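Asks: Everything below, folded, please.
(2 chains)
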Number of protein chains: 2
Amino acid sequence: IAKEVAKLLEMKAQLGGEEGKHKFVLKTPKGTRDYSPKQMAIRERVFTAIINCFKRHGAEVIDTPVFELKETLTGKYGEDSKLIYDLKDQGGELLSLRYDLTVPFARYLAMNKITNIKRYHIAKVYRRDNPAMTRGRYREFYQCDFDIAGQFDPMIPDAECLKIVHEILSDLQLGDFLIKVNDRRILDGMFAVCGVPDSKFRTICSSVDKLDKVPWEEVKNEMVGEKGLSPEAADRIGEYVQLHGGLDLIEQLLQDPKLSQNKLAKEGLGDMKLLFEYLTLFGITGKISFDLSLARGLDYYTGVIYEAVLLQQQNDHVEDPVSVGSVAGGGRYDGLVGMFDPKGRKVPCVGVSIGIERIFSILEQRVEASEEKIRTTETQVLVASAQKKLLEERLKLISELWDAGIKAEILYKKNPKLLNQLQYCEETGIPLVAIVGEQELKDGVVKLRDVATREEVNIRRENLIEEIRMRTSQL
Amino acid sequence: IAKEVAKLLEMKAQLGGEEGKHKFVLKTPKGTRDYSPKQMAIRERVFTAIINCFKRHGAEVIDTPVFELKETLTGKYGEDSKLIYDLKDQGGELLSLRYDLTVPFARYLAMNKITNIKRYHIAKVYRRDNPAMTRGRYREFYQCDFDIAGQFDPMIPDAECLKIVHEILSDLQLGDFLIKVNDRRILDGMFAVCGVPDSKFRTICSSVDKLDKVPWEEVKNEMVGEKGLSPEAADRIGEYVQLHGGLDLIEQLLQDPKLSQNKLAKEGLGDMKLLFEYLTLFGITGKISFDLSLARGLDYYTGVIYEAVLLQQQNDHVEDPVSVGSVAGGGRYDGLVGMFDPKGRKVPCVGVSIGIERIFSILEQRVEASEEKIRTTETQVLVASAQKKLLEERLKLISELWDAGIKAEILYKKNPKLLNQLQYCEETGIPLVAIVGEQELKDGVVKLRDVATREEVNIRRENLIEEIRMRTSQL
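Replies: Sure thing, here's the model as predicted:
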């Protein structure tokens, strides 16, 4: 009966007209989420590792607005353009939320006539995709981008981008990973020698891009059925895209009777060889695979492309391991800035984007599993009182501590119980309690308690700040 | 002639049909801007000061999505609701960009049934207002919010919020400032005893809120002409709103024959007295003014309200001082969370929002005026070569440095000139150069050059990392 009543009440609430004040759904928009203090603590760890790496490589930092003129984003994302969020036309300019940080970066370079910069940018981007939140796929998500713009000698900046991916994924200890590398020019050359008409390069490239998710047969069906490619051409592509390896494969393809005749492919293979030489000097070829099936969906790439995938869950005691895909990707886009320049002046660029959300999912799950206690504040000391009527004294003392730069809290009660104050420290991990009492006030001291050991010692008021600093300096 | 040709070409470009590829305007949306690396460096300084203060007071941190369900924002902002950015209806939920961080915070509390939290949130908010960018008024701007939610003893959290404003504005050295304080209950009581009908409280409150920008006569005209208040009631309000002071004024109003008869006003004045007692213990009453003209526009305030203004430009050698208004504001909003709770359960809240953009405008202008050189990277050492054909050696060395956590750069050229490499250090403020040359390679050393003093010394390769760490540890 209770159940039925509840149901009826719910139905009534749903039917209730204007007077049903609270009938709206209490939620965040589809594909988005809040970050709790605990999640923020994990997020900060990831950001710190990434920012440290970007700074280690000498990058500056910029920021751009969350929305751009709609036309700034038009024609940059190929088939993915349908996923762009538009703002409502409320009079004035037509605006869209940024879809990535690369196009705003190119717009920034063209607008400010910058021909040479190494910068990072960490910000949220927006895609009206089908969210799969347990696997870290959201409609609002962070990208952490590092890009090098400028006319430089071949493959030196490109190699540095791969070194950065290697450093970050190693530093975050996400388990084994692999960085797949390819080149748009090798892909285009391959398409040409396989008999794909020029006009179909981009769309066939989009099909190849799906190979990490669906089997070859399905991709072939799409190429032949939907996109009108001849089955023979598709089969020829099928042979190439199963190839992956290192310097040996590059050498082999440079000898390939068909590919070696194609100018684009030859250029791409030559640069790939140079890239692998630099990666050898960096000592990271062990985790790099030259992979002809890697295509990357976005339209704007013109040279080297890469994508990092996690190979397996390192953490064995996670019961339901999240299946994560790519955690970083990028490549060279030498034409994008020119699309914004009134005179079409090009600025060669290469960059990498770290996908935080998937990494964050893994780390969050790992913290859950390990039952590691994460502090969400940095408070060093709670100012407490042993008796009633000491609020004024607590306020005076905490004010002194704040002014000296000590991280301190009080309970917002006039007469809190000492036990409650101590419990608050246990729960939140505050290491010290500064207790004021009537006797202590008379003696000019404060009782300083170590929460972990429960040891208490009287400290002269004038030495308290120094003592707290000393005791918490390892934090 | 050249000018005319340019004009004609521009006109042609504007007229040019579909083939005019680059006819779009290269800009950020109205009321928004990019941040350059130099601006980011200044922004980071401000954020660091603010975050340090919030952490000093024991706050956790949360994050929420940039957009909310449209209905989440409905009915929260009174007359300002027209400034909300809506997203286009592309199928699915109706969404709006957040207008502040307070409503999302209240939604977060209700959704997660949190009754007790102290948190900060630093993020961008969006208002379709008339931008005045030189004065730091943008359509996309940062808010830095600190709020305390929970059922506590009166005015203790409220006093801490004011202490925080005082700490941050002192720390940022923005010159003299004043924090105006009032209470919505005192305002409502005052309206009642002046003869304002209940139904007009909110709209008359909006009029009073304009007093910091327009003279009393104009505000009175709006009250009487537009809002239909009697001239006598308006005049009575006019007498009250010119009052400002400290504890003495509070005592005087507690004796005021009309106000003291009003229950709301009496409650508000009692709490105001308590607040000033706590602020006296914090030693900050010197910069606090109880000001009956302070109203604050937003609908959701229920108790104490406050706003900090800068009194003048401290920096005399700025030629064209920016005129800045309020740099922080906030108050108590005890009913907002209840608006989201299905059962209307209230969670009392008080908070403060620091307006970064105006502060940032002032600091940016000050940096410009002082010609202070701001580094935009943290690079410790440039890996350079003295002769040609040493790219491989440079890559090997820099890889070692990166792996040891040293912040290092190279020029992306196969054979850069030593002079160019040294100039790059001068321009970007890199303090050290590690030079590899043929002789040094043979001897197993690297030449370490101090950019400022031009002193060079050979360091054994195995000691290089330690030497760089030692020399740059003060950075």
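
Asks: Next, work out how far apart residue A:194 and residue A:237 are.
Replies: Residue A:194 is 5 Å from residue A:237, where distance means Cβ to Cβ, to the nearest Å. Every residue, glycine included, has its C-beta placed from N, CA and C.

Asks: scratch that, residue A:164 is what I was asking about
Replies: For residue A:164, the distance to residue A:237 - Cβ to Cβ - is 31 Å.

Asks: More neighbours: these two, which one.
Replies: For residue A:164 versus residue A:237, neighbours defined as other Cβ atoms under 10 Å in any protein chain shown are more numerous around residue A:237 (27 against 24).

Asks: what's the pLDDT at residue A:3?
Replies: For residue A:3, the pLDDT comes out at 69.

Asks: no no, residue A:276
Replies: On pLDDT, residue A:276 comes in at 98.

Asks: now do residue A:443
Replies: pLDDT, residue A:443: 96.

Asks: which residues touch it?
Replies: Contact analysis of residue A:443 by Cβ atoms under 8 Å, 6 or more residues apart in numbering or on different chains lists residue A:458.

Asks: Repeat that for residue A:185.
Replies: A:264-265, A:267-268, A:271, A:302-303.

Asks: Let's see the ChimeraX selection covering just the buried ones among those residues.
Replies: Buried members of the contacts of residue A:185, defined by 16 or more other Cβ atoms under 10 Å in any protein chain shown, are picked up in ChimeraX with:
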select /A:264,265,267,268,271,302,303
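
Asks: Might you specify the subset of the contacts of residue A:185 located within helices?
Replies: Among the contacts of residue A:185, the members found in helices (DSSP state H) are A:264-265, A:267-268, A:271.

Asks: which one among these gets closest to chain B?
Replies: Closest approach to chain B among the ones in helices among the contacts of residue A:185 (Cβ to the nearest Cβ): residue A:271, at 13.8 Å.

Asks: Which pLDDT value belongs to the closest one?
Replies: Note on residue A:271: pLDDT of 98.

Asks: if you go through the stretch 51-200 of chain A in chain order, where are the strands?
Replies: For the stretch 51-200 of chain A, strands defined by DSSP state E, counting those that start in this stretch occupy the ranges A:60-61, A:67-69, A:95-97, A:117-126, A:140-149, A:177-183.

Asks: Export those as TSV, with columns for mean pLDDT.
Replies: TSV is the format used below for the strands of the stretch 51-200 of chain A (pLDDT from 0 to 100):
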stretch	mean pLDDT
strand A:60-61	98
strand A:67-69	98
strand A:95-97	98
strand A:117-126	98
strand A:140-149	97
strand A:177-183	96
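
Asks: Tell me which of those strands lies nearest to chain B.
Replies: Closest to chain B of the strands of the stretch 51-200 of chain A, according to Cβ to the nearest Cβ: strand A:60-61, at 3.6 Å.

Asks: any idea how far the closest one is from the chain center?
Replies: 17 Å (Cα atoms, centre = their mean, to the nearest Å).

Asks: cool, and stretch A:154-169?
Replies: With Cα atoms, centre = their mean, you get 17 Å for stretch A:154-169.

Asks: which of the ones in helices among the contacts of residue A:185 are close to chain B?
Replies: Filtering these for proximity to chain B by Cβ under 8 Å from any Cβ of the partner chain leaves nothing.

Asks: show me where pLDDT drops low in chain A?
Replies: Along chain A, the parts satisfying pLDDT under 70 run over A:1-3, A:5-23, A:313-324, A:474-475.

Asks: Recalculate using a threshold of 80.
Replies: By pLDDT under 80, the low-scoring segments of chain A are A:1-24, A:78-79, A:131, A:133-136, A:297-299, A:312-325, A:474-475.

Asks: Spatially central residue in it, please.
Replies: residue A:356 (2.1 Å; Cα atoms, centre = their mean).

Asks: need the strands for the stretch 351-475 of chain A, in chain order.
Replies: A:381-385, A:408-409, A:432-436, A:445-450, A:456-460.

Asks: Just say which of those strands is most tucked in.
Replies: Highest mean neighbour count of those: strand A:381-385, a mean of 27 (counted as mean count of other Cβ atoms under 10 Å in any protein chain shown).

Asks: how about the helices in the stretch 101-250 of chain A?
Replies: With DSSP state H, counting those that start in this stretch as the criterion, the stretch 101-250 of chain A has helices at A:102-111, A:156-171, A:184-194, A:201-208, A:216-221, A:231-241, A:247-254.

Asks: now the angle from the second one to strand A:177-183?
Replies: In this structure, helix A:156-171 runs at an angle of 160 degrees to strand A:177-183, with axes from the mean of the first three to the mean of the last three Cα atoms, to 10 degrees as the basis.

Asks: on that earlier part again, for residue A:295, state which of the ones in helices among the contacts of residue A:185 is nearest.
Replies: Nearest to residue A:295 among those, counting by Cβ to Cβ, is residue A:268 at 13.3 Å.

Asks: what's around residue A:426, how many residues?
Replies: Residue A:426 - counted by other Cβ under 10 Å - has 10 other residues nearby.

Asks: Now do residue A:103 against chain B, distance only.
Replies: Applying Cβ to the nearest Cβ, to the nearest Å, the value for residue A:103 to chain B is 13 Å.

Asks: What's the local residue count around the closest residue to that residue other than its chain neighbours?
Replies: Using Cβ to Cβ, 6 or more residues apart in numbering or on different chains and skipping residues adjacent in sequence, the residue nearest residue A:103 is residue A:76, 5.0 Å away. Neighbour count for residue A:76, taken as other Cβ under 10 Å: 22.

Asks: Enumerate every residue touching residue A:76.
Replies: Applying Cβ under 8 Å, 6+ apart to residue A:76 gives the contacts A:99, A:103, A:298-300, A:336, A:339.

Asks: Tell me the most packed of these, by neighbour count.
Replies: Counting by other Cβ under 10 Å, top hit in the contacts of residue A:76: residue A:336 with 26 neighbours.
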